[in-house]
Every structure is written in C-alpha cells, then in structure tokens.
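A.B. asks: build the 3D model from these lines:
(one chain, ligands or ions: 1)
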Amino acid sequence: MQLKSLHVFLKNGLIGYYSKDEIDAFFYRLCDAHLKLKRIDVSLKSDTVVSPQTFEYFEESLQRLLKYEPIQYIIGSTSFCGLDFIVDEKVLIPRPETEELIGWILEQIDSSKPIKILDIGTGSGCIAICLAKKLPNAEVYAMDVSSGALSIAKLNAKANQVEVTFIEASVLDWKNQDLVVDVIVSNPPYVRESEKEMMSPNVLDHEPHLALFVENNNPLLFYKAIIDICKINLKKDGFIYFEINEYLAEDTKSLFSLDAFGTVQLKTDIFSKNRMIRAKRC
Ligand code: GLN
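C.D. replies: Sure, this is the predicted structure:
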C-alpha cells in the first residue's frame with residue numbers, strides 16, 4: 001500500500017467520527033511519530049510503498065481513535081512549552097492553559113537568581129520541567145500522589161535534561177518543616193463531578209480521573225490543603241500560583257486569608273476565562 005492510500009484508509013475509517021481536518025491532522029501526526037516524516041515530506045513521498053508494520057501501526061491507531069483515545073496517548077507524546085513530553089493514561093495531557101500559567105510565572109521571576117520552586121500534583125511533570133528548563137538557577141521539587149505519574153515525570157525530566165527532585169506524597173497529608181521555597185505552583189484536580197456532562201469522551205474515557213475530578217460538595221479541597229502548606233513551606237514574600245476552575249474563581253480567591261496573604265490576583269486565559277490566580281505570602 002502507498003502512503004497516499006494509507007491516508008484514504010484512515011479517512012474512510014474515521015469519517016463520521018471526526019471532521020476531515022481532524023483526520024488529516026491525525027494522519028500527519030502519525031506519519032511524524034511512526035515514519036519521522038514531516039507534512040511536506042509526506043506530500044513529496046506520497047507514492048512510497050509502506051511496510052506491513054506501518055500498515056499495522058495505522059490500523060491499530062485507527063481502532064484506538066474509533067474509541068476516542070487521544071492522539072497524544074496513541075503516539076505517546078505531546079509538545080508543551082516547546083518541549084516534548086512522554087504521556088500515557090497515567091497522566092493528564094498537558095493543556096495550553098497551563099502554558100499560560102507558566103508564562104505568568106516566568107514574567108515575574110528573575111532567571112539570573114537562585115530560586116526554589118515546588119510543583120504540587122505534577123502529573124507528567126510538565127510545569128516543573130518547563131520551569132527547570134527555563135530557569136537554570138532554580139532548584140525544582142515536584143510532588144504527586146500517583147507513583148505511575150511520577151514514573152512518567154521522571155522519564156520526562158531525563159529526556160529534557162533537567163534535575164527535578166520528585167516527592168511521592170498526597171498533598172492532603174504531606175508534612176515537611178524543612179523545605180521552604182520561593183514559589184509554589186499547582187494545577188490540582190478541579191473539575192466537579194457535575195461538570196462531567198460537558199466533557200468529551202476523549203477526556204472522560206481516557207484521561208486519569210484522579211487528576212481531573214473533585215466531589216461537588218468539596219471542590220476546593222486541594223486548594224485548601226495547598227494554601228495550608230504555603231503557610232509552612234512558602235517563604236515570606238514568596239508566591240503561590242494556581243490553575244483554577246473558571247466557575248469557582250471568586251470562591252478560590254476567598255480562600256486566601258488576609259493575615260497570611262497580601263495581593264491576590266485573578267488572571268484570565270486567552271478565552272477570557274478566569275483560569276489562574278496568584279497570591280503573595282506575607
Ligand atoms: N483544564 C483541564 C480540563 O479542563 C482540567 C485540569 C485539572 O483538573 N486540573 O480538562
């Protein structure tokens with residue numbers, strides 16, 4: 001079978017499930033991942049005959065796409081802040097809104113100075129690793145309750161050639177009097193069970209619920225626990241940065257008590273949704 005026929009094979013199998021543009025995008029991503037061919041090369045080499053293994057790879061990918069498995073899990077990686085990250089079902093796929101959170105943090109930090117950063121609920125390690133990469137003088141710590149997620153995060157730190165100290169612990173019972181940092185950052189689970197119906201099957205059926213969902217009656221559980229951690233582990237004048245649930249922005253803001261925190265600022269993402277908050281420890 002020729003490369004161009006493989007494209008038609010994927011189109012015929014996925015039509016009705018995805019738009020034509022999405023199918024084309026999948027085809028080019030699969031070619032890039034499996035054949036190391038960029039889009040331009042795929043067009044130039046469309047008459048090339050593909051091996052039976054390549055056909056099998058596309059056939060298997062097609063079956064997974066029919067189950068709405070995210071393309072990032074199928075190819076096993078994604079790009080985030082210009083870096084490549086290994087991803088599988090143990091970790092959430094890094095989102096563009098989290099890139100915005102990192103941008104906000106970097107705006108404020110003087111990269112020439114030594115700084116200590118703790119990322120809570122690191123998942124794939126995307127926040128911790130991007131910060132370590134962009135801030136060569138930073139000492140970065142990253143915590144997660146999931147040993148599976150940490151195994152992926154460690155691979156990502158190695159692949160991106162950065163040093164991160166990983167801590168396997170639950171934020172709900174982690175206690176450490178010795179680690180005092182300049183910045184704490186977290187993108188904890190914040191989607192309420194009641195919001196599930198608005199979510200698409202590629203997220204709902206494949207991404208780790210542990211990293212996404214919180215109970216309707218206590219949706220800010222992780223924010224409260226992290227704010228308590230800040231009272232012990234965040235330096236005076238240090239900053240806490242959170243990614244937040246757009247529908248709970250004011251409730252999240254009100255968790256910061258005035259005796260322990262100074263300026264508290266909400267920030268919108270590119271879709272004008274309240275998506276980030278930061279506060280200064282005082
Ligand atoms: N932004 C993610 C989503 O909407 C959720 C991330 C999280 O729960 N921390 O799928």
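
A.B. asks: just the buried residues of the helix or strand harbouring residue 59, please?
C.D. replies: Using DSSP states H and E, residue 59 sits within helix 52-66. The neighbour-count check on helix 52-66 (16 or more other C-beta atoms under 10 Å) flags 54, 57, 58, 61, 62, 65 as buried. (Each C-beta comes from the backbone N, C-alpha and C, glycine too.)

A.B. asks: same question for stretch 14-21.
C.D. replies: Across stretch 14-21, burial judged by 16+ other C-beta under 10 Å covers 14, 18.

A.B. asks: repeat for stretch 189-204
C.D. replies: Under 16+ other C-beta under 10 Å, the buried positions of stretch 189-204 are 189, 190, 191, 192, 195, 202, 203, 204.

A.B. asks: hmm, that stretch in reach of the ligand?
C.D. replies: Yes. Counting by C-beta under 6 Å from any ligand atom, the ligand is contacted by stretch 189-204 at 189, 190, 191, 203.

A.B. asks: surely the third one meets residue 215?
C.D. replies: No. Using C-beta atoms under 8 Å, residue 191 is not in contact with residue 215; the gap is 10.9 Å.

A.B. asks: chain center to the helix or strand harbouring residue 101: distance?
C.D. replies: Residue 101 is located in helix 96-108, with elements delineated by DSSP H and E. Distance of helix 96-108 from the chain centroid (C-alpha atoms, centre = their mean, to the nearest Å) equals 12 Å.

A.B. asks: before we move on, what about stretch 143-152?
C.D. replies: Offset of stretch 143-152 from its chain centre (C-alpha atoms, centre = their mean): 13 Å.

A.B. asks: and that stretch, what's buried?
C.D. replies: 143, 144, 145, 146, 149, 150, 152.

A.B. asks: ok, now which ones touch residue 175?
C.D. replies: Residues counted as contacts of residue 175 (C-beta atoms under 8 Å, 6 or more residues apart in numbering) are residue 232.

A.B. asks: and what of residue 118?
C.D. replies: 140, 141, 142, 143, 179, 181, 183, 184, 185, 233.

A.B. asks: and the second one, what pLDDT?
C.D. replies: Predicted confidence (pLDDT) for residue 141: 98.

A.B. asks: equivalent analysis for the fifth one, please.
C.D. replies: The confidence metric pLDDT takes the value 97 at residue 179.

A.B. asks: measure it to the ligand for me?
C.D. replies: 23 Å (C-beta to the nearest ligand atom, to the nearest Å).

A.B. asks: packing partners for whatever helix or strand residue 23 lives in?
C.D. replies: Here residue 23, judged by DSSP H and E, is contained in helix 20-30. Applying 3 or more C-beta pairs under 8 Å, 6 or more residues apart in numbering; DSSP states H and E, one finds that helix 20-30 contacts helix 3-14, helix 39-44, helix 52-66, helix 71-75.
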